[in-house]
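# let me see the structure of the following:
(chains A and B)
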Protein chains: 2
Amino acid sequence: MNTRPIGVFDSGLGGLTAMHTLGKRLPNETFIYFGDTARVPYGGRSEATLLKYARQDVAFLKSFKPKVLVIACGTVSTTCLEQLQQENSLPIIGVVEPTCLQALHATKNGRIGMIATQASVRSGAYERMLHRLDPDVDVFCHPCPLLVPMVENGRMHRGDIVIETLVKEYLAPLKAKGIDTLMLGCTHYPLLWDVIGKEMGPSVTLISAGAAVATAVETLLEDSHMEAPQTSDSHRSFYVSDEVESFTRNASLFLQEDLHQVVRRIDIDQY
Amino acid sequence: MNTRPIGVFDSGLGGLTAMHTLGKRLPNETFIYFGDTARVPYGGRSEATLLKYARQDVAFLKSFKPKVLVIACGTVSTTCLEQLQQENSLPIIGVVEPTCLQALHATKNGRIGMIATQASVRSGAYERMLHRLDPDVDVFCHPCPLLVPMVENGRMHRGDIVIETLVKEYLAPLKAKGIDTLMLGCTHYPLLWDVIGKEMGPSVTLISAGAAVATAVETLLEDSHMEAPQTSDSHRSFYVSDEVESFTRNASLFLQEDLHQVVRRIDIDQY
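You can find the predicted model right below:
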């Protein structure tokens, strides 16, 4: 039993797809969420810049003495996870391994697609992990640099020709490869679930990095007996590095609860 | 006569539209350009965050002891110019006044449109300036939050349904107002000149903030006798806060010269 909080961070809104599943699966836990909205998007930045930003994100969350840290950001998970794990003694869970495990479980023809940010694709982290877990699968990756800005600006609905055209264009090379499973390797992308699902069709299984990492956290807490007692009051706090209004509005919509007065702003450069 | 450099900054690539004109008009001057690529885009951020970023941008450029600073960024010009001018003794020129002067010169029916980032539109800076210069004109402003990410990702050409749809959608309310002049209040937007020009049609005059601020710099140097001698060797240096490759590639394309080995990276948080 362990009543300390779980720290979760992302560049912006995307990590809420993990928070959504975490909240449902672990109703007694306390969560601290940080979205680095003053520096979003992360996906086009270099590894050196990402490591610097990720270290600050971790340092901020560690000030709450969490029992586990969740990197609900595909870009940081693919580029900095090992470094962050080496530098910190608490368990840190990224999205890559959980997402790959779910994809391997889902695929029937062994042809798996992956979409993510530029930095995540460049890292090669998903291919390496999949081939470590199963050397026989074929993996096809494609970067989607404009999807995070689209989601952060609320353009994620079917019928919007802008998002539908971008998604169609980004997915065409993967459709051509005959994949039967598609990993959404960025936690923003499940917000485009309908658009992506329509484009890929019902024969392709979508795997959400956000939901996958939530499952991994659940397993870790169980295996290491770190769950909060069932009598605990769940509590969630949200922090951002830029103004709270637009994050609160979008996050309230997404989590379908009123987050006004719950989101606070911090200066991430102090960490 | 004054051989010291001219400092120019923007959040990313956009300020190159000012550099392009500055280079042609002032061939004997030395320029230092800074693009804050580790934190682009600026347009959706709050005023407090923008002021912090802008102060760091100014502090970096001041390390070169420039004779004048050019804020080739619409968002910083509309939100922080006065504060930066109060805090610094050297002349600082933003894009708002030069752009408004050119728009007033161009309009025949007194109906002027303005497109810019969310932060610039929210500031009201363009309306205030236009009405100070001419209380009788009508001004219509519209934010275009996705155009900077589009340009930074190279999606700026006619025939691309994504950029054409966004531009059509953003411009529709301004077309409905019967404007005859459109200010491009963000220095990234001249890179969309063809797309915007096609949408507005030949009867609407486009005003580029980048070119307008270059004209203002030229006038300031002449009026205050601060020009470099005609025998001076012109020199341009480029600095960015994230990796140099993609900036170099895009900037070389835009300025139509090879910038390899010319662009250097700095840590903007040290300023």
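# when you work out contacts or count neighbours from here on, use the C-alpha atoms and nothing else.
Fine.
# tell me if the helix or strand bottoming out on mean pLDDT in chain A is near chain B.
Lowest mean confidence among the helices and strands of chain A (mean pLDDT, DSSP states H and E): helix A:244-255, at a mean of 87. No: with C-alpha under 8 Å from any C-alpha of the partner chain as the measure, helix A:244-255 is seen stopping short of chain B, the closest distance being 9.4 Å.
# mind listing what's buried along that helix?
By neighbour count, and taking 16 or more other C-alpha atoms under 10 Å in any protein chain shown as the criterion, the buried residues in helix A:244-255 are A:244, A:247, A:248, A:250, A:251.
# what residues does that helix touch?
A:13, A:16, A:20, A:154, A:240, A:258, A:259, A:260, A:263, A:264, A:265 (C-alpha atoms under 8 Å, 6 or more residues apart in numbering or on different chains).
# what strand or helix carries the third one?
For residue A:20, the enclosing helix or strand under DSSP states H and E is helix A:16-25.
# packing partners for that helix?
Packed against helix A:16-25 by the contact rule (3 or more C-alpha pairs under 8 Å, 6 or more residues apart in numbering or on different chains; DSSP states H and E) you find helix A:209-223, helix A:244-255.
# show me what residue of the stretch 51-200 of chain A gets nearest to chain B.
Nearest residue of the stretch 51-200 of chain A to chain B: residue A:162, at 5.0 Å (C-alpha to the nearest C-alpha).
# angle of the helix or strand hosting that residue against helix B:161-175?
Taking DSSP H and E as the criterion, residue A:162 maps to helix A:161-175. Between the axes of helix A:161-175 and helix B:161-175, defined by axes from the mean of the first three to the mean of the last three C-alpha atoms, to 10 degrees, the angle is 180 degrees.
# contacts for the helix or strand just after helix A:161-175, please.
Toward the C-terminus, helix A:161-175 is succeeded by strand A:181-184 as the next helix or strand (DSSP H and E). Residues outside strand A:181-184 that contact it (C-alpha under 8 Å, 6+ apart) are A:99-100, A:103, A:106-107, A:111-116, A:190, A:204-209.
# in strands, which of those residues fall?
Residues of the contacts of strand A:181-184 located in strands (DSSP state E): A:111, A:112, A:113, A:114, A:115, A:116, A:205, A:206, A:207, A:208.
# make a markdown table out of those and add distance to chain B, pLDDT and neighbour count.
Shown next, in a markdown table, are these (distance: C-alpha to the nearest C-alpha, whole Å; pLDDT from 0 to 100; neighbours: other C-alpha atoms under 10 Å in any protein chain shown):
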| residue | distance to chain B | pLDDT | neighbour count |
| --- | --- | --- | --- |
| A:111 | 29 | 98 | 20 |
| A:112 | 26 | 98 | 28 |
| A:113 | 23 | 98 | 28 |
| A:114 | 20 | 98 | 26 |
| A:115 | 17 | 98 | 23 |
| A:116 | 15 | 97 | 27 |
| A:205 | 27 | 98 | 18 |
| A:206 | 25 | 98 | 22 |
| A:207 | 26 | 98 | 23 |
| A:208 | 25 | 95 | 26 |
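# closest to residue A:37 out of those?
Residue A:37 lies nearest to residue A:116 out of those, by C-alpha to C-alpha, at 18.8 Å.
# who's that closest one bridged to?
Partner residues in beta bridges with residue A:116: residue A:143, with DSSP bridges as the criterion.
# you'd agree it is up against residue A:77?
No: taking C-alpha atoms under 8 Å as the definition, residue A:116 is not a contact partner of residue A:77, at 11.4 Å.
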